[in-house]
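Chemist: Attaching a predicted model along with its sequence, questions to come.
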Amino acid sequence: MGNHARMERKYHLWFSWQYEQEERWINEMSRQGLHWKRGGVIRSEFERDASVRYTYRLDYQLGLGKEKLQEYLELYRDAGWEFAGNCTQAWYYFRREWRPDEDPQLYTDRESLVAHYMRLRRMITVMLLLNLIIMCLNGIGLLPRANGHLWGIYVPVLAIYALLFLLLGIGIVQINRKLKTISS
Amino acid sequence: MANLKGMLPLTEAFYYILIALYAQPSHGYGIMQEVEGMSGGRVKLGAGTLYTALNALLGKGLIDHYPGPEGTDARRKMYSITQDGRDTVASEMSRLEELLVAGRRIVHSEEA
């Protein structure tokens, strides 16, 4: 089918606190005739169609139940946003046809944008704490059996955790910076 | 009047949503249109802003789900204002009135 041939795969890593950059990238793709269809934090699939251009927006909503989700999508659709898909159960992709004279936003006042960033920060903080607890539990489990050759496991595992904490820490700092910019 | 549930001062979005629902129950799209009309096109609520505000107002008990008329699209949720919502709007309006009166007294006396 010709349908298949028009799909293109792209790789682009992003973290939740960089969603605006991801948005810009997806919008730039759309300008070039590649429209986001599905995907996520690393790999996305785009549909090639030179005849249209969209404005995409990403929204973070965690833990929408089935009914809540319907209500949510309906409201966005009413507001002119076509639901394009989601990545995990937290990031929802919306789009509408691009127009030169507008730059439509999902969050149109400072208060709701602040609330949006704070929801995001809460999620990252919870992830950080959860991993900290898991690391401690693993450490307690391993410690009694610690002898010479276990260090070969300990060191790489700790290195991975350190990287993870660093990354999540950067995320929190970045969001705090954004919050400061908005409220000043 | 008391500051009901610590909601005052209301944000523009909260205020206009409550005012829109004061007249009659409505769905999200209706609220958006109403608010844009009332503000002469100045306040255009983004979908995320409206959704966040509706959830916050529901959580504070200032608005409630409203059973839509028979046969209408059940997915399109309707909302109505509660008594607490009405009281909050009234408090906010007297607060705004006070601000205006105080401001006018000074500004107009300077002009005179």
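Modeler: Good, I have the coordinates.
Chemist: can we go C-alpha only for contacts and neighbour counts from here?
Modeler: OK.
Chemist: Next secondary structure after the helix or strand of chain A with the lowest mean pLDDT?
Modeler: Of all helical and strand segments in chain A, the minimum by mean pLDDT, DSSP states H and E falls on helix A:2-5, at a mean of 50. Later in the chain than helix A:2-5, the nearest helix or strand by DSSP states H and E is strand A:7-11.
Chemist: Any buried residues in that next one, and which?
Modeler: Applying a neighbour-count criterion of 16 or more other CA atoms under 10 Å in any protein chain shown, the buried positions in strand A:7-11 are residue A:7.
Chemist: Distance-wise, check residue A:119 relative to residue A:16.
Modeler: According to CA to CA, to the nearest Å, residue A:119 and residue A:16 sit 11 Å apart.
Chemist: Around chain A, which positions in chain B sit nearby?
Modeler: For chain B, the residues in contact with chain A (CA under 8 Å from any CA of the partner chain) are B:11, B:13, B:28-29, B:32, B:44-49, B:51-53, B:75-77.
Chemist: The same query, at a cut-off of 7 Å, please.
Modeler: Proximity of chain B to chain A (CA under 7 Å from any CA of the partner chain) is limited to residues B:28, B:29, B:45, B:46, B:47, B:48, B:49, B:52, B:75, B:76, B:77.
Chemist: In the residues you listed, which has the lowest confidence score?
Modeler: Of all the residues of chain B next to chain A, residue B:75 carries the smallest pLDDT score, 64.
Chemist: what's the farthest-apart pair in the residues of chain B next to chain A?
Modeler: Farthest pair in the residues of chain B next to chain A (CA to CA) is B:45 and B:75. Separation: 20.5 Å.
Chemist: low-scoring stretches of chain A, by residue?
Modeler: Applying pLDDT under 70 to chain A flags residues A:1-5, A:144-150.
Chemist: Which residue ranges make up the domains of it?
Modeler: A:2-97, A:110-183 (automatic domain parsing).
Chemist: highest average neighbour count across those domains?
Modeler: Ranked by mean neighbour count under mean count of other CA atoms under 10 Å in any protein chain shown, those are led by domain A:2-97, which reaches a mean of 16.
Chemist: which residues of chain B fall in strands?
Modeler: B:26-27, B:63-66, B:78-81 (DSSP state E).
Chemist: any chance of these in CSV, plus mean neighbour count and mean pLDDT?
Modeler: Formatted as CSV, these follow (neighbours: other CA atoms under 10 Å in any protein chain shown; pLDDT from 0 to 100):
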stretch, mean neighbour count, mean pLDDT
strand B:26-27, 20, 94
strand B:63-66, 18, 95
strand B:78-81, 22, 95
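Chemist: In TSV, list these along with distance to residue A:114.
Modeler: Listed next are the strands of chain B as TSV, based on distance: least, CA to CA, whole Å:
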stretch	distance to residue A:114
strand B:26-27	25
strand B:63-66	22
strand B:78-81	24
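Chemist: Excluding sequence neighbours, find me the nearest residue to residue B:77.
Modeler: residue B:27 (5.7 Å; CA to CA, 6 or more residues apart in numbering or on different chains).
Chemist: There's contact between the one you found and residue B:81 in this structure, I believe.
Modeler: No - judged on CA atoms under 7 Å, residue B:27 makes no contact with residue B:81 at a distance of 11.8 Å.
Chemist: For the chain, just list every one of the helices.
Modeler: Chain wasn't specified; assuming chain A. Assigned by DSSP state H, chain A shows helices spanning A:2-5, A:19-31, A:66-78, A:110-142, A:151-183.
Chemist: sorry, should have said chain B
Modeler: Under DSSP H, chain B gives helices at B:12-23, B:28-38, B:47-59, B:83-111.
Chemist: Tell me which of those sits nearest to residue A:90.
Modeler: helix B:47-59 (14.1 Å).
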